[in-house]
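Peer 1: show me the folded form of this:
(chains A and B)
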Amino acid sequence: MYDFTLFIIGVVLPYIMMATFGIALGYNFFKFMFLPRPVMWAIFPAKKNLASIFITIGKRIFSLPGPRKFDKLIFTLAWMFHIGLIVSLSLHAKYIFMPHLPLEYEIGSAAGMFAAIGSFGFLIRRIYDKKTESYFSDYLALGLLIVTLLLGQYIRMFKLIDSIQVWSWIQGIITLNPVLPPADTLFLIHILFAQVYMMYLPFKTLIHPIAIFYGQKIILDQRHIRR
Amino acid sequence: MNLEKLFDEYRGLSDAKVRPQEPKVDRFLKAFREILSKENNWAFLLPLKLSLEACTHCGTCAEACPVYVGSGRQKIYSPLYRADLLRKIYKKHFTWSGKLFGRLVGAKEATEQDINALSEAAYRCTICRRCVLACPFGLDNGLIMREARKILAELGIVPDELKEEGVENQINFGSAPKIPYDALINILDFVKSEIEENRKNVNVEIPVDKVGAKYLIINNAGDYLSFLDTIRGIVEIMNYVNEDWTFNSPKTGVFDNVNYGLFYSDKDLLRVIKAHLETFKKLKPEYVVVGECGHSYDVLGHLIKDLIPPEERPFKVIHIVELYDKFLREGRLRLDKDKNPAPVTFHDSCKIGRCGGIYDEPRRVLAASCKDFREMFPNREYNYCCGGGGGFALMNKYNFPEFRMKTYGRLKMEQVKNTGASTLVTICANCKRQFLDTVSYYNSSINVSGLSEILANSLVY
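Peer 2: Below is the predicted model:
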C-alpha cells in the first residue's frame, strides 16, 4: 500500500502536475494574447517602444514600485516571500544537474525561513487587514504553500532525506525512467502539497508573471501617442 | 450587510433613476455578456478581463484611492470593494470556477440589491486610475468601474447630468449648456472689449468659425459661462503671438470639447467623437487645440487615435498648454513674473497628467510667468484626483456634492493648504469647478485659476 502511495505521489502525480501546470499556464497566456488589441490607455510616464516597455516591466517585477509607495508591509512581505521562494526553488532545480551544492544547507534554510515568514505574513494580513477581500480559495492557496514550506524547512534543517535519493528521483522523472521517491512520510506530504499547489495556482488567478506581463504592458504602452 | 442601503449615506442617482424595485438581473447579465464579447467591446476587453480575473485581492490599491483615504478609510470606498461588486458577479456567471465553487472562490449570484448597490458604487469612483499605479500587476479597478457604468447605461441608469444634459444637449445644441450662437458672440464681444479696455492700444480679434485656420481652439463650453477669465487669457495670448487661429460656434456644429460618453458608454463616446469630426471637417484646421479640459484631451488627443482611422482625422490634436509651451520655447512670449507675485501651485489633472502625459509643459509655463511657483505633494502621476473627474463635477443632485466635498475635497484641500500657495492653477474645467465648490465649502481664501489667465496676466506689451 505504501509503495502504491509512493508510486502515485512520486511517479504519476509529477507528470499530471507538469501537464496541468503547463497547459493551464499556456491557456491563460494565449487566451489573453488573442483577445483584441485594446485601446491604449497608458498611465504616464509610459514608454514609446517595446524594448523600453519590457525593460520597465522587468524592473517593476523586482522593485514593486506600487506596493513600495502605497503599502510598505506588503512590499516587505512580498520581497521576503519571493526572494525566499526563488532561492529555495533554485536549490530544488539544482537536482536536475547535481545532488549537492556548497553552502546549500545554510542558504536553503535561510531562504525557506524567509519564504515561510513572508507567507505567514500574507495570511495574517488577509485575516486582520480590512483593506483585503479574502475567500476560501485565497486561504487554501496560502495554506498549501505554508504547509509545503514548513515541511520543506523541517526536512532540510533536520536532514531527514538523503539528497542523492532525491537527485535519483528527479533524474528519473526527467529522463522518463521514473523511480520511487524517498520513502519518508513527511517528504511525501511535502511533495504532495507542492504539486497540488502547482496544479491549483494557474486556476486560482492568473499566475503572477502572466498578469504582470499583460497588465503592466497595457499601462506602459504609449506607442499611439503623437502618431 | 444590506447592499441596497450600502451607499445610501450619499446619493448621486435618484430612486427614479435606479428604480430599485424594478427587476433588472436578466437585463444586467445580458448587457454584461455583451461587453465581454469581442464584437461589442473591442476597445477595452483585454484590460477588463485581465482586471476581473487576475486580482489577488491584496488591497494594495486602497491607499492609492483618494476617496478611500479622504473618507477616513471606509472599506466601501476602496477600489477593491467597489470593483468586487462586479467581479463577484462575473465569476459566478462567466467563469467555470465560479459556477462550480461559488462563494469559495468569491463568486456570487447577481441580485437586484447587488445591482442597485453597484449603480451607486460606480459613481463613487472618478476613474482617476491612481489605483493602477499601486497594483503590482498594473490592473485597473478604475476601468472596471467604467465598464460597470457601461452595463448600467444599457439599463438606463446614467446620471442626467452626463447623458440628457450632457451628451444629448451637446449633439443637439452644440454644447452641453446649450449656449445659443448669439449668446456666444455676445460673450466673446464682452471678452474683446474687456481686454481692449485693460490693455490700451491693443486691437483684439476673435475669429469664429474661420475655415482653414492653423489652430482651431475648442473649449469646454463651461468656460464661456463660469471661467470667462480663461477665455480672456486664451484670446489675449493668441492675439499677442498674432497667430492664425479661430474658435468655433454652434453654426459649425459642436463647439463644446467635452465628451461625457467617456464616463459611461462607448456608443455615446463615439457619437460625440463623430460630431466633433463633422465640425472639424467643416473648419479644416491644421491643429485642433483642446482648451482647458482634461477628459476631452484624453478623448481627442489619445483615444481617437485608436478609434478613428487616420484618414478621417487629417489634423493634429494638442492641448492648449502644449501650444503655450511651444510659444514660450520659440521666444514669442515676453513675460514679467512680477505681475504674478502671489505663491502659485499647480494641480495635475488626472486625464491630462496620469492619462495624458502632460507634466512638464504647464510647469515650464508657470515657472516663466509666476514669481513663486510651488509644487504640491504628491504630484505628477501620483497626484490625487480633485473629485471632479468621471463626471462628478457636474453631478449636483441630492447630497452628492456633500459627498464630493467630504471625501475627495477634504483630502485635496489639505494637500493645497500644505503648499502655502494663495492661487491654485489647473488646466481642466471640471477640476476648476470642483475646486471652486471645495474652496467655498471649506471657506478657504485660495484663488482658483486656469493657466491661460495667469500666463496672459504676465505678458509684457
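Peer 1: rest of the way, CA atoms for contacts and neighbours
Peer 2: OK.
Peer 1: what strand or helix carries B:V317?
Peer 2: Per DSSP states H and E, B:V317 falls inside strand B:316-319.
Peer 1: any idea how far that strand is from the chain center?
Peer 2: Computed by CA atoms, centre = their mean, to the nearest Å, the chain-centroid distance of strand B:316-319 equals 17 Å.
Peer 1: same thing with stretch A:120-138?
Peer 2: On CA atoms, centre = their mean, the centre of stretch A:120-138 falls 18 Å from that of its chain.
Peer 1: what do you get for stretch B:396-416?
Peer 2: Distance of stretch B:396-416 from the chain centroid (CA atoms, centre = their mean) equals 16 Å.
Peer 1: tell me the buried residues in it?
Peer 2: B:400-413, B:415-416 (16 or more other CA atoms under 10 Å in any protein chain shown).
Peer 1: and that stretch, what's its mean pLDDT?
Peer 2: What stretch B:396-416 shows for mean pLDDT is 95.
Peer 1: what does that stretch contact?
Peer 2: For stretch B:396-416, the external contacting residues (CA atoms under 8 Å, 6 or more residues apart in numbering or on different chains) are B:10-14, B:66-72, B:345, B:376-377, B:384-388, B:392, B:395, B:424, B:434-435, B:437-439, B:441.
Peer 1: show me those residues that map onto helices.
Peer 2: Assignment to helices by DSSP state H places the following of the contacts of stretch B:396-416 there: B:P66, B:V67, B:Y68, B:V69, B:G70, B:Q434, B:F435, B:D437, B:T438, B:V439, B:Y441.
Peer 1: closest to chain A out of these?
Peer 2: Each of these was scored against chain A by CA to the nearest CA, and B:Y68 proved nearest at 10.0 Å.
Peer 1: if I look at B:S349, how far off is B:G222?
Peer 2: From B:S349 across to B:G222, the span is 17 Å (CA to CA, to the nearest Å).
Peer 1: more crowded one of those two?
Peer 2: A count of neighbours by other CA atoms under 10 Å in any protein chain shown puts B:S349 above the other of B:S349 and B:G222, at 32 against 20.
Peer 1: I figured the more buried one hits B:I427, correct?
Peer 2: Yes. Between B:S349 and B:I427 a contact is recorded at 7.1 Å, counting by CA atoms under 8 Å.
Peer 1: give me the common contacts of those two.
Peer 2: Common neighbours of B:S349 and B:I427, using CA under 8 Å, 6+ apart, are B:G294.
Peer 1: rewinding a little: let's see which of the buried residues of stretch B:396-416 end up in helices.
Peer 2: Going by DSSP H, the helices hold B:F400, B:P401, B:E402, B:F403, B:R404, B:R410, B:L411, B:K412, B:M413, B:Q415, B:V416 from the buried residues of stretch B:396-416.
Peer 1: and the third one, how far is that from chain A?
Peer 2: It refers to B:E402. 24 Å (CA to the nearest CA, to the nearest Å).
Peer 1: for chain B, give me its nearest residue in chain A.
Peer 2: A:G66 (3.8 Å).
Peer 1: mind giving me the packing neighbours of the host helix or strand of B:I144?
Peer 2: Using DSSP H and E, the element containing B:I144 is helix B:141-154. Packed against helix B:141-154 by the contact rule (3 or more CA pairs under 8 Å, 6 or more residues apart in numbering or on different chains; DSSP states H and E) you find helix B:25-35, helix B:45-53, helix B:79-94, helix B:112-121, helix B:130-134.
Peer 1: make CSV out of these and add mean pLDDT.
Peer 2: What follows is the helices and strands packed on helix B:141-154, written out as CSV (pLDDT from 0 to 100):
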stretch, mean pLDDT
helix B:25-35, 97
helix B:45-53, 93
helix B:79-94, 97
helix B:112-121, 92
helix B:130-134, 97
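Peer 1: show me what stretch A:83-96 is in contact with.
Peer 2: Contact partners of stretch A:83-96, identified using CA under 8 Å, 6+ apart, comprise A:100-101, A:104, A:107-108, A:110-115, A:166-167, A:170-171, A:174.
Peer 1: got the buried residues for it?
Peer 2: Within stretch A:83-96, the residues that count as buried by 16+ other CA under 10 Å are A:I83, A:G84, A:L85, A:V87, A:S88, A:L91, A:Y95, A:I96.
Peer 1: next one: stretch B:273-285
Peer 2: By neighbour count on 16+ other CA under 10 Å, the buried set for stretch B:273-285 is B:I273, B:K274, B:A275, B:H276, B:L277, B:E278, B:T279, B:F280, B:K281, B:L283, B:K284, B:P285.
Peer 1: would you turn the residues you listed into a markdown table with pLDDT and secondary structure?
Peer 2: Shown next, in a markdown table, are those (pLDDT from 0 to 100; DSSP: H, G, I helix; E, B strand; the rest coil):
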| residue | pLDDT | secondary structure |
| --- | --- | --- |
| B:I273 | 97 | helix |
| B:K274 | 97 | helix |
| B:A275 | 98 | helix |
| B:H276 | 98 | helix |
| B:L277 | 98 | helix |
| B:E278 | 97 | helix |
| B:T279 | 97 | helix |
| B:F280 | 98 | helix |
| B:K281 | 97 | helix |
| B:L283 | 98 | helix |
| B:K284 | 98 | coil |
| B:P285 | 98 | coil |
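Peer 1: just for the chain, where's the confidence low?
Peer 2: With no chain named, the answer covers chain A. A:224-227 (pLDDT under 70).
Peer 1: please go with chain B instead
Peer 2: For chain B, the stretches flagged by pLDDT under 70 are B:1-6.
Peer 1: pick out the residue of it closest to chain A.
Peer 2: Ranked by CA to the nearest CA, the top residue of chain B for proximity to chain A is B:A134, at 3.8 Å.
Peer 1: how about that residue, what does it touch?
Peer 2: Counting by CA under 8 Å, 6+ apart, B:A134 makes contact with A:P65, A:G66, A:P67, A:K69, A:F70, B:T60, B:C61, B:A64.
Peer 1: picking that back up, which of the ones in helices among the contacts of stretch B:396-416 are buried?
Peer 2: Buried members of these, counted by 16+ other CA under 10 Å: B:P66, B:V67, B:Y68, B:V69, B:G70, B:Q434, B:F435, B:D437, B:T438, B:V439.
Peer 1: how many neighbours does B:S97 have?
Peer 2: Counted with other CA under 10 Å, the neighbours of B:S97 add up to 17.
Peer 1: secondary structure class for it?
Peer 2: helix (DSSP: H, G, I helix; E, B strand; the rest coil).
Peer 1: and A:A19, how close does it get to A:L180?
Peer 2: Distance from A:A19 to A:L180, counting by CA to CA: 20 Å.
Peer 1: quick one, which of those two is more surrounded?
Peer 2: Neighbours were counted for A:A19 and for A:L180 using other CA under 10 Å; A:L180 has more, 21 against 13.
Peer 1: show me what counts as buried in the strand or helix carrying the residue of chain A closest to chain B.
Peer 2: Assigned by DSSP H and E, A:G66 falls within helix A:65-70. Neighbour-count burial for helix A:65-70, counted by 16+ other CA under 10 Å, picks out A:P65, A:G66, A:P67, A:R68, A:F70.
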